[in-house]
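Okay, predicted coordinates and the sequence, questions at the end:
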Amino acid sequence: MNIKWVLKKFDDLTLDELYAILQLRIEVFIVEQNCPFQDADNKDQLTHHLMGWQDDLLCAYTRILPPGIFYELPSIGRVVTSPKTRKNGLGRLLMERSIRETENLYGPLNIRIGAQFYLKKFYQSLGFIQSSEIYLEDNIEHIEMTRTADGSKFTT
């Protein structure tokens with residue numbers, strides 16, 4: 001799969017890029033998951049946006065939050081792949097790239113995420129360890145997970 005990866009701060013996004021990001025997030029998080037929630041949460045302006053493009057299709061996206069915005073650690077959020085390009089390992093490529101970009105931006109720090117519980121094994125395969133109890137967010141079970149910078153086991 002030929003993916004062009006682009007990382008930009010919010011102020012550097014073009015209007016077309018911003019539209020594609022919002023369109024993909026709405027398509028998956030709100031429509032597909034049937035979960036009405038306030039996606040525009042005033043954190044986008046403070047983050048870097050990692051986009052994976054296949055020609056003119058935004059097929060993969062995450063936002064990378066600096067320490068202190070959502071958690072005390074840097075975080076990767078709004079992890080999403082287009083339904084048109086699933087089942088080919090793109091989610092893994094997206095997260096591996098997101099981890100590298102987070103480390104490039106903030107150095108060798110631990111990374112914390114809020115993950116949908118059903119994806120726990122996927123994130124564990126990327127080095128994340130569950131670091132909270134299950135909690136409900138927008139009526140979906142979530143857990144916090146942490147990936148240590150040095151590969152050691154994270155303990156709560």
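That came through fine. Residues are numbered from 1 along each chain as shown.

For the rest of this, base every contact and every neighbour count on C-alpha atoms.
Fine.

Quick one: the strands in the protein, in order.
4-9, 48-54, 57-65, 75-81, 111-116, 129-130, 135-137, 140-147 (DSSP state E).

Select, out of these, the one closest to I26.
The closest of these to I26 is strand 75-81. By Cα to Cα, the value is 10.3 Å.

right, and the strands of the chain - which one's nearest Q33?
Taking the strands of the chain one by one with Cα to Cα, strand 140-147 is closest: 9.4 Å.

so how far is whichever helix in the chain runs longest off the chain centroid?
Ranked by residue count, the top helix of the chain under DSSP state H comes out as helix 90-106. Centre-to-centre, helix 90-106 and its host chain are 9 Å apart (Cα atoms, centre = their mean, to the nearest Å).

just the angle between it and strand 4-9, please?
Regarding helix 90-106 and strand 4-9, their directions subtend 40 degrees when assessed with axes from the mean of the first three to the mean of the last three Cα atoms, to 10 degrees.

Now do the contacts for H142.
Residues near H142 by Cα atoms under 8 Å, 6 or more residues apart in numbering: 114-117, 134-136.

circling back: any buried residues in the longest helix of the chain, and which?
Of the residues in helix 90-106, those buried by neighbour count under the rule 16 or more other Cα atoms under 10 Å are 90-91, 94-95, 97-99, 101-103.

on that earlier part again, same list (the contacts of H142) but as TSV, adding distance to N42.
Output for the contacts of H142, formatted as TSV (distance: Cα to Cα, whole Å):
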residue	distance to N42
G114	17
A115	20
Q116	21
F117	24
I134	25
Y135	22
L136	21
